[in-house]
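Visitor: could you work out the structure for the sequence below:
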Amino acid sequence: MTEVDPALIKGLTIGLGALGPAIGVALIGAAAVTAIGRNPEVQGKVLSTAFIMAGLVDAVLAFVLLIVFTTS
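Guide: Numbering: from 1, shown residues only. The predicted structure is shown next:
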């Protein structure tokens, strides 16, 4: 059996690890736009909550990158 290049494994890990947060941020954005479209008066509350949630979702990517670059 042949050896798999570690760079390929790291690249796939980063790509797949970034896929989840990208989908999460898109869903948060879509939900925020829908909520503001239905009730424009709550724009400030919805946007601040959406930014907090987007930051938490992006933290997943930071953990993936941390794990990938600290392992050999």
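
Visitor: can you pull the buried residues of stretch 2-17?
Guide: Residues of stretch 2-17 classed as buried under the neighbour-count rule (16 or more other Cβ atoms under 10 Å) are Gly17. For the C-beta atoms, the positions are set from N, CA and C on the backbone; glycine is no exception.

Visitor: now do stretch 15-34
Guide: Neighbour count says stretch 15-34 has 17, 21, 24-25, 28, 32 buried, by 16+ other Cβ under 10 Å.

Visitor: and Ser10, what element?
Guide: One thing to correct before we go on: residue 10 is Lys, not Ser. Using DSSP states H and E, Lys10 sits in helix 6-38.

Visitor: helices or strands up against that helix?
Guide: Secondary-structure packing of helix 6-38 (3 or more Cβ pairs under 8 Å, 6 or more residues apart in numbering; DSSP states H and E): helix 43-70.

Visitor: quick one: low-confidence ranges for the chain?
Guide: The chain contains no residues with pLDDT under 70.

Visitor: centre-most residue in it?
Guide: Residue closest to the mean C-alpha point of the chain, counted by Cα atoms, centre = their mean, is Pro21 at 1.8 Å.

Visitor: residue contacts, that one?
Guide: Residues near Pro21 by Cβ atoms under 8 Å, 6 or more residues apart in numbering: 57-58, 60-61.

Visitor: for ChimeraX, what selects the buried ones among those?
Guide: Entered in ChimeraX, the line below selects the buried ones among those, by 16+ other Cβ under 10 Å:
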select :57,61
